[in-house]
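Enquirer: A predicted structure for the sequence below; I have some questions about it.
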Amino acid sequence: MLTGASTLAGLAEASLLRRSPLFAEFFHREANCLALACRDMADRFLNGGRLLAFGQGPYATDAQHVSVEFVHPVIVGKRALPAIGLAGEGGELERQVELIALPEDVAMAFGADEDGGEAARAVALARGRGCLTVAFCACGAEWEFAPPSGDRFVRQELAETLYHVLWELVHVFFEHRGLLAGRVARRVHDAGASSFLYPFLAEEESELEPVVEDVRRSALLKAEEVGALRIQTLTDNRETLLAAARELRDAFDRGGKLLALGNGGSATDAMDAVADFRAGGGSPRGWPAIDLTEDPSILTAIANDIGTEAIFSRQVIAYGLEGDALLALSTSGNSANVIHALAEARRRGLLTIAMVGYDGGRIGAEGLADHVIVTRSEHIPRIQEAQASAYHALRALVR
């Protein structure tokens with residue numbers, strides 16, 4: 001039983017001590033390969049290829065998350081790139097890849113090294129078809145970035161940072177067309193809408209090596225940034241996380257359930273949080289949790305007939321009972337459908353927990369949730385990465 005803030009302080013400190021040097025060492029070792037993999041992916045996209053991301057079980061949400069990032073880029077001015085997320089509900093991954101993959105595509109696998117049999121078969125099929133293969137487990141891909149930890153939650157956090165960095169840096173090489181295969185270099189490159197993130201790229205692009213080195217250093221800086229942001233999130237919100245965990249555990253003990261929601265990448269994080277609570281994370285049993293983003297028929301019906309602002313609040317009306325809890329994930333803290341859901345949850349007597357970015361947005365400023373955990377950044381990928389650490393910590397505390 002948790003007895004005070006010192007318990008969470010110890011947990012947060014131990015968690016960060018485990019993660020920070022592990023993540024730093026991993027990025028230092030793999031940054032150059034990340035840069036080269038980004039260049040190869042950019043080549044495929046420019047030749048008409050698509051990203052096919054696939055994973056099963058707890059890794060399905062990562063496949064869906066990375067697909068959202070490529071199709072709906074959050075950097076203003078960047079084009080949407082074709083991406084498809086393949087999860088276990090579509091049948092065997094190998095069969096899905098066989099039906100969909102084309103030679104010019106990028107196949108991206110998520111899984112664990114010890115149970116990557118199906119991922120390995122799907123990767124082998126994709127390679128045989130001519131696809132570029134990238135993986136976040138040891139399964140025979142051309143570019144492999146297997147997180148060096150047996151802790152599934154540490155692996156997920158590191159993988160999320162990795163694929164966010166890949167997505168960001170693919171766009172840099174996409175603008176650097178003169179350095180890609182079969183294209184003529186221009187004398188000077190204009191980084192365009194990426195200039196605020198990558199000011200060093202407004203340079204001559206006659207040589208690949210200097211640009212790869214700059215991109216490598218950028219990947220290292222991003223890893224350092226999210227490391228600092230995880231520390232801020234877990235330490236600044238120490239008391240809030242502890243209080244939220246106590247009340248959420250009380251809700252479970254009284255027979256309540258957890259509802260979770262978010263938009264876009266935050267929707268996949270809500271899926272991940274629900275999967276984590278259902279699994280229990282070492283508890284003798286899991287806890288009841290419902291993902292309000294997982295049924296597209298419900299989401300599209302409400303959006304079509306009423307409007308997008310009601311897609312979550314209507315489900316709170318349908319599923320939420322007094323004594324339940326709602327976990328809302330939002331990078332801005334201003335999403336109208338999230339705010340409507342929090343208001344409906346309060347009217348119905350639910351415990352409300354919100355994880356938000358920036359300065360907390362309306363949710364933080366107006367106290368629209370009982371417990372608000374703020375990740376103080378304006379960079380959406382980094383916010384989501386730190387929020388993953390926060391809901392993993394919340395689950396651990398509830399246990």
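Expert: That came through fine. Numbering: from 1, shown residues only.
Enquirer: Next one: the residue positioned nearest the centre of the chain from residue 210, what distance?
Expert: With distances taken as Cα atoms, centre = their mean, the residue of the chain nearest its centroid is residue 160 (4.8 Å). Between residue 160 and residue 210 the distance is 29 Å, computed by Cβ to Cβ, to the nearest Å. Just so you know, the C-beta spots here come from the backbone N, C-alpha and C atoms, and that holds for glycine as well.
Enquirer: With residue 100 instead?
Expert: 37 Å.
Enquirer: I figured residue 298 hits residue 315, correct?
Expert: Yes: Residue 298 is within contact range of residue 315, at 6.7 Å (criterion: Cβ atoms under 8 Å).
Enquirer: Show me the strands in the stretch 51-200 of the chain, by range?
Expert: Using DSSP state E, counting those that start in this stretch, the strands of the stretch 51-200 of the chain run over 51-54, 83-86, 106-109, 132-135, 143-144.
Enquirer: Reformat those as JSON lines; add mean pLDDT, mean neighbour count and distance to residue 273.
Expert: Listed next are the strands of the stretch 51-200 of the chain as JSON lines, based on pLDDT from 0 to 100; neighbours: other Cβ atoms under 10 Å; distance: least, Cβ to Cβ, whole Å:
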{"stretch": "strand 51-54", "mean pLDDT": "96", "mean neighbour count": "28", "distance to residue 273": "20"}
{"stretch": "strand 83-86", "mean pLDDT": "94", "mean neighbour count": "23", "distance to residue 273": "18"}
{"stretch": "strand 106-109", "mean pLDDT": "96", "mean neighbour count": "29", "distance to residue 273": "22"}
{"stretch": "strand 132-135", "mean pLDDT": "97", "mean neighbour count": "24", "distance to residue 273": "24"}
{"stretch": "strand 143-144", "mean pLDDT": "96", "mean neighbour count": "20", "distance to residue 273": "27"}
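Enquirer: can you put those strands in TSV and add distance to residue 71?
Expert: Output for these, formatted as TSV (distance: least, Cβ to Cβ, whole Å):
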stretch	distance to residue 71
strand 51-54	9
strand 83-86	5
strand 106-109	14
strand 132-135	17
strand 143-144	21
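Enquirer: Report whether residue 275 is found in a helix, as I expect.
Expert: Yes: checked against DSSP: H, G, I helix; E, B strand; the rest coil, residue 275 lies within a helix.
Enquirer: Skipping adjacent residues, who's closest to it in space?
Expert: Counting by Cβ to Cβ, 6 or more residues apart in numbering, residue 275 lies nearest to residue 58, which is 5.5 Å off, once chain neighbours are set aside.
Enquirer: cool, and residue 292?
Expert: residue 261 (4.2 Å).
Enquirer: Is the one you found in a helix, a strand, or coil?
Expert: strand.
Enquirer: how deep is it tucked in, by neighbour count?
Expert: 30 (other Cβ atoms under 10 Å).
Enquirer: OK, contacts around it?
Expert: 267, 270, 291-293, 312, 315, 326-329, 338, 341 (Cβ atoms under 8 Å, 6 or more residues apart in numbering).
Enquirer: got a pLDDT number for it?
Expert: At residue 261, the predicted lDDT confidence score is 98.
Enquirer: Bridge partners for it, pull those for me.
Expert: Beta-bridge pairing of residue 261 under DSSP bridges involves residue 328.
Enquirer: now it: how far from residue 288?
Expert: Where residue 288 is concerned, residue 261 sits at a distance of 16 Å (Cβ to Cβ).
Enquirer: What separation is there between the residue nearest to residue 275 and residue 249?
Expert: For residue 58 relative to residue 249 (Cβ to Cβ), the value is 22 Å.
Enquirer: Point out where the stretch 151-300 of the chain drops to low pLDDT.
Expert: 175-208, 280-284 (pLDDT under 70).
Enquirer: As a check, name the ranges of all helices in the stretch 151-300 of the chain.
Expert: 152-175, 208-236, 238-253, 265-279, 296-305 (DSSP state H, counting those that start in this stretch).
Enquirer: which residues sit against the fourth one?
Expert: Where contact means Cβ under 8 Å, 6+ apart, the residues beyond helix 265-279 that reach it are 57-58, 60-62, 64-65, 68-69, 153, 156, 258, 260-262, 286-294, 327, 329-331, 380-381, 384, 387-388, 391-392, 395, 398.
Enquirer: Could you count how many residues lie near residue 340?
Expert: 19.
Enquirer: oh, I was asking about residue 352
Expert: For residue 352, using other Cβ under 10 Å, the count is 23.
Enquirer: Just list whatever residues bridge to it.
Expert: residue 326.
Enquirer: try residue 52
Expert: The partner residues for residue 52, given DSSP bridges, come to residue 84, residue 107.
Enquirer: Look up how far residue 122 lies from it.
Expert: With Cβ to Cβ as the criterion, residue 52 and residue 122 are 9 Å apart.
Enquirer: Which neighbours do those two have in common?
Expert: 97, 107.
Enquirer: quick check, residue 322 in a helix?
Expert: No: assigned with three-state DSSP, residue 322 falls outside any helix and is coil.
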